[in-house]
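Q: the sequence and its predicted three-dimensional model are supplied below.
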Amino acid sequence: MHRPLLAARLALLLLPSTVWAADDTPLPPQVKADAEAIATELLKVQRTDAGLSCPKAVENARYGLETMLEVGAKNVAGGYMDADRFETLAAPMRELLPQFTVADCEASADGKRDFYQCMSSDYNHVLACAKAHL
């Protein structure tokens, strides 16, 4: 996928959103603050000293997306997230999964290569690396 298009799709996942219960009832202020604090930390690159390891980077990127999809599906099933909102966010993640490959990593350059290098660290989240490099 062309780099600007990849970045645009991942940007959909990075848009700030208000934390709400599935029925649009605002959550208590402390719950909202905690959720926002967690989201803020996930969007920070934790380690920048990892050397590029394409197998590790692909494993980490795919694992991060798969985990977000699983948690989102559980949140829908538990009534914590609206199914339509989840599908809107999940669609670009599902499209990206098959694009993260060792071959893509090995052929990458510029920001995309930096993304894969960032994902070579087990301490970084896929959204943080995407925000920083794509």
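A: Good, I have the coordinates. Given the structure is predicted, the values throughout are model-derived calculations rather than measurements.
Q: what's the next secondary structure element after the longest helix seen in the chain?
A: Under DSSP state H, the helix in the chain containing the largest number of residues is helix 54-77. Moving toward the C-terminus from helix 54-77, the next helix or strand (DSSP states H and E) is helix 83-96.
Q: that next one vs helix 54-77, what angle?
A: On the basis of axes from the mean of the first three to the mean of the last three Cα atoms, to 10 degrees, helix 83-96 is oriented at 170 degrees to helix 54-77.
Q: buried ones in helix 83-96?
A: Within helix 83-96, the residues scored as buried using 16 or more other Cβ atoms under 10 Å are 86, 89, 90, 92, 93, 96. For every residue, glycine as well, the C-beta is placed using N, CA and C.
Q: residue 130 and residue 34, how far apart?
A: Per Cβ to Cβ, to the nearest Å, residue 130 is found 23 Å from residue 34.
Q: tell me where the model's unsure across the chain.
A: Low-confidence segments of the chain (pLDDT under 70): 1-27.
Q: residues in contact with the residue lying closest to residue 64 once chain neighbours are set aside?
A: Excluding the flanking residues, the one nearest residue 64 by Cβ to Cβ, 6 or more residues apart in numbering is residue 126, at 3.3 Å. Contact partners of residue 126, counting by Cβ atoms under 8 Å, 6 or more residues apart in numbering, are 60, 61, 64, 65, 68, 119.
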